[in-house]
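Colleague: Quick one: sequence plus predicted model below, questions after.
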Amino acid sequence: MDFSCPTPVVGIACAKAFYELAHHINKKLGISLVRMDDLIQSNSGGVNSSAQVDLFSSTSQDDMFQNEIAHPLFFYEDVDRKMGILLIQNTVNGSSIIGKAKKCDYLFILNNVIGDDISKYITALSEISCINATILLDEKKIPNLRDIFDYLETYIIEQNRKKNE
């Protein structure tokens, strides 16, 4: 995935468990979101137990390795179209990856999807009965979005490396 490409983020409000939501999305969109290792968010501002630098939040070094929060993540890639989709549980135990979107239970990230296709995805998501609301988040109102994308890009590269070993 190349996060320098257009990467809209859709917030989803849904009370279903992440695996149930992924199943409904797969069925509706005709894709195959695959579960990956959880995305780890810590309050350390340093390196977490997964040996990844955490860019999502930062507090004192005294909290190193404490209060780590696992955000379930699903991934789909269409190599032919050079596009990818991430479904991440945004809010877990009151902690959110995108704090300004705390009311969004999930983030549906469309990498290298443009124009009318974005609207088609949002419309399809809103037609899924267990989804209460969808909203296209305004990236200008998310100050750390570029850091989040950099982190996700590194994370996906690392996951693919592990898978290929």
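Modeller: In hand now; what should we look at?
Colleague: Quick check: which ranges of this structure have low pLDDT?
Modeller: Across the chain, the ranges flagged by pLDDT under 70 are 1, 42-67.
Colleague: quick one: the helices in it?
Modeller: Under the criterion DSSP state H, helices of the chain are mapped to 18-29, 116-126, 145-164.
Colleague: among those, which is the most enclosed?
Modeller: Taking mean count of other CB atoms under 10 Å as the contact definition, the stretch among these with the greatest mean neighbour count is helix 18-29, which reaches a mean of 17. Bear in mind the C-beta positions are built from the backbone N, C-alpha and C, glycine included.
Colleague: got a list of what Asp78 touches?
Modeller: Taking CB atoms under 8 Å, 6 or more residues apart in numbering, we find Asp78 in contact with 31, 84.
Colleague: re the thing from before, generate a markdown table for the helices of the chain, with distance to Leu39 as supplementary columns.
Modeller: A markdown table is the format used below for the helices of the chain (distance: least, CB to CB, whole Å):
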| stretch | distance to Leu39 |
| --- | --- |
| helix 18-29 | 12 |
| helix 116-126 | 20 |
| helix 145-164 | 6 |
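Colleague: out of those, nearest to Ala101?
Modeller: With CB to CB as the criterion, Ala101 lies closest to helix 145-164 of these, at 10.4 Å.
Colleague: circling back: to Ile12, which of the helices of the chain lies closest?
Modeller: With distances scored as CB to CB, the stretch of the helices of the chain nearest to Ile12 is helix 116-126 (6.6 Å).
Colleague: what sits up against that closest one?
Modeller: By CB under 8 Å, 6+ apart, the residues outside helix 116-126 that reach it are 8, 10, 12, 25, 28-29, 108, 110, 113, 131, 133-134, 136.
Colleague: What's the separation between Glu20 and Ile131?
Modeller: Taking CB to CB, to the nearest Å as the measure, Glu20 and Ile131 are separated by 11 Å.
Colleague: ugh, wrong one, Lys163
Modeller: Taking CB to CB as the measure, Lys163 falls 29 Å from Ile131.
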